[in-house]
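> Here's my sequence, what's the structure:
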Amino acid sequence: MSILLVTLFLVGCVNFPDKLKVEDPNNLVSYQDAASKAEQVTGKQIRWGGAIAKIENKEKTTILEMVYYPLTSYGRPVSDDESMGRYRIEFNGFMDPLVYQEGRLMTFTGELRGLEKGLVGEHNYVFPSVKGKEFYIWKKLQRVDIRGVQMWQNDYWFDRYPRSYRSRLIIHTSGDNHRPSGSRPGGASTLPKPVSSKREAK
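Here you go, the predicted model:
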């Protein structure tokens with residue numbers, strides 16, 4: 001009985017990392033809405049997670065291309081769930097590619113800027129674009145092979161969701177720990193996407 005009580009207590013204490021908390025989670029924009037009706041929700045706040053697919057350091061900013069995954073109740077991306085697509089998020093400053101490697105899981109808050117065109121390999125793609133505010137990088141997690149994710153065939157998603165094709169998502173486990181030192185979003189769950197060198201989560 002005492003073990004059960006301790007377990008329930010610990011589960012109840014798991015929350016979002018402080019830096020990812022927002023005043024009103026009900027106002028967060030979901031990934032589905034950002035992808036399908038960006039014009040209506042541009043400028044609103046997001047809290048999304050995912051796995052790093054690509055990192056690009058520019059002169060004064062860093063752009064992360066992320067494979068979107070929904071979040072757990074404490075804010076960690078669920079990398080064994082199906083991805084709905086990709087997004088790009090930009091932070092001021094430099095982020096070391098040796099730290100922010102492909103497959104690392106991260107969670108962000110930020111402001112939706114709309115959609116932007118790009119490529120995933122040779123495939124035309126439209127990314128929800130975000131100006132990042134805060135981020136949290138998760139340790140001892142699964143390294144995700146981002147080569148096989150769901151891709152959307154149409155350039156834009158407005159009145160209805162397009163058909164998609166799916167390829168296999170490969171996950172390499174490396175001592176995953178499902179309980180972080182920090183802490184749910186208003187994130188989406190079924191579609192198709194730093195920086196002043198902040199310190200990693202412990």
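> can you give me the helices for the chain?
2-13, 31-36, 38-41 (DSSP state H).
> Which neighbouring elements make contact with the shortest one?
Taking 3 or more CB pairs under 8 Å, 6 or more residues apart in numbering; DSSP states H and E as contact, the helices and strands that helix 38-41 lies on are helix 31-36, strand 105-120. From N, CA and C alone the C-beta is placed, and that goes for glycine too.
> so where's this protein shaky on pLDDT?
1-14, 140-202 (pLDDT under 70).
> Which stretches in it count as strands?
If DSSP state E is used as the criterion, the strands of the chain fall at 45-57, 61-69, 86-92, 105-120, 123-137, 143-145, 151-152, 164-165, 170-172.
> export those to a markdown table and tack on mean neighbour count and distance to residue 30?
Output for these, formatted as a markdown table (neighbours: other CB atoms under 10 Å; distance: least, CB to CB, whole Å):
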| stretch | mean neighbour count | distance to residue 30 |
| --- | --- | --- |
| strand 45-57 | 22 | 8 |
| strand 61-69 | 23 | 10 |
| strand 86-92 | 23 | 12 |
| strand 105-120 | 18 | 10 |
| strand 123-137 | 20 | 10 |
| strand 143-145 | 20 | 21 |
| strand 151-152 | 20 | 16 |
| strand 164-165 | 11 | 18 |
| strand 170-172 | 11 | 24 |
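> of all the ones you listed, which lies closest to residue 28?
Residue 28 lies closest, by CB to CB, to one member of these: strand 45-57, at 5.1 Å.
> what angle separates that closest one from strand 86-92?
Using axes from the mean of the first three to the mean of the last three CA atoms, to 10 degrees, the inter-axis angle of strand 45-57 relative to strand 86-92 is 80 degrees.
> Now strand 45-57 - C-alpha only, PDB.
The C-alpha coordinates for strand 45-57 follow below in PDB (Å, rounded to 0.1, in the frame of the first residue of the first chain):
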ATOM      1  CA  GLN A  45       1.600  30.700 -29.000                       C
ATOM      2  CA  ILE A  46       2.600  27.100 -29.500                       C
ATOM      3  CA  ARG A  47       4.100  24.400 -27.300                       C
ATOM      4  CA  TRP A  48       5.300  21.500 -29.500                       C
ATOM      5  CA  GLY A  49       7.800  18.800 -29.300                       C
ATOM      6  CA  GLY A  50       9.700  16.500 -31.700                       C
ATOM      7  CA  ALA A  51      12.900  15.000 -32.900                       C
ATOM      8  CA  ILE A  52      15.700  17.000 -34.600                       C
ATOM      9  CA  ALA A  53      15.800  16.300 -38.300                       C
ATOM     10  CA  LYS A  54      18.200  19.100 -39.300                       C
ATOM     11  CA  ILE A  55      20.000  22.100 -37.700                       C
ATOM     12  CA  GLU A  56      21.200  25.100 -39.600                       C
ATOM     13  CA  ASN A  57      23.400  27.800 -38.100                       C
END
